[in-house]
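**Student:** A predicted structure for the sequence below; I have some questions about it.
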Amino acid sequence: MVAAFEIHDVSSWGVVNAEPIGRDEKWWLHEPGTPTNSREHDWLFKPVVVPRHGHRQGEDWAEKIVSELGPLLGVPCAHVELATRHGVPGSISRNVTPDGWDRVLGSVLLGTVVEDYQEGQLNAPGRPGHSPKMIMRALTGC
């Protein structure tokens, strides 16, 4: 028997702010009934992307599956749930940044260890400097 994942309706969740990073629109939402002075109860809603060709991309279910498999493999990862907001399907990822801490982007860390690193937003062919070896080097000491 295959169990289906629950799809959470987050239409009533308050918008904390828009997420400026990335090319697709997404919003930070606050889970109702949780302390409002804590970011640890915020979730990032990412709507499903449907490009011009009309084929639905599967980031929502892919992220959900990875969030289920990661812990089974001993890999820490964000808590992800399938969601819908105002009829739009997507996923929600719980904020992994503890209160009192700041989120630092991987591109910022890579820029500290890779000479002439170019962020992905510049669309450098092949994303030079973005490799498992360089990522591990950038995470040394974290």
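**Tutor:** Perfect, thanks for sending it.
**Student:** so where does residue 55 fall, helix or strand?
**Tutor:** Secondary structure from DSSP states H and E places residue 55 outside every helix and strand.
**Student:** tally of neighbours for it?
**Tutor:** Counted with other CB atoms under 10 Å, residues neighbouring residue 55 total 9. Just so you know, the C-beta spots here come from the backbone N, C-alpha and C atoms, and that holds for glycine as well.
**Student:** What of the one 10 residues further on?
**Tutor:** For residue 65, the count of nearby residues is 13 (other CB under 10 Å).
**Student:** list the contacts for it?
**Tutor:** If a contact means CB atoms under 8 Å, 6 or more residues apart in numbering, then residue 65 has no contacts.
**Student:** and the gap between it and residue 93?
**Tutor:** Residue 65 sits at a distance of 13 Å from residue 93 (criterion: CB to CB, to the nearest Å).
**Student:** ok, now residue 134?
**Tutor:** Distance from residue 134 to residue 93, by CB to CB: 24 Å.
**Student:** the more surrounded of the two?
**Tutor:** The residue with more neighbours, out of residue 134 and residue 93, is residue 93; 20 against 16, by other CB under 10 Å.
**Student:** Now do the SS call for the more buried one.
**Tutor:** strand (DSSP: H, G, I helix; E, B strand; the rest coil).
**Student:** Give the bridge partners for it, please.
**Tutor:** residue 44, residue 80 (DSSP bridges).
**Student:** Pull the contacting residues for it.
**Tutor:** Counting by CB under 8 Å, 6+ apart, residue 93 has contacts 43, 44, 46, 63, 67, 78, 79, 80.
**Student:** One more: residue 83?
**Tutor:** 7, 8, 9, 10, 45, 60, 89, 90, 91, 92.
**Student:** What of residue 56?
**Tutor:** Applying CB under 8 Å, 6+ apart to residue 56 gives the contacts 48, 49, 50.
**Student:** burial count for residue 51?
**Tutor:** Neighbour number of residue 51 under other CB under 10 Å is 8.
**Student:** I figured it hits residue 57, correct?
**Tutor:** Yes. With contact defined as CB atoms under 8 Å, residue 51 reaches residue 57; the gap is 7.0 Å.
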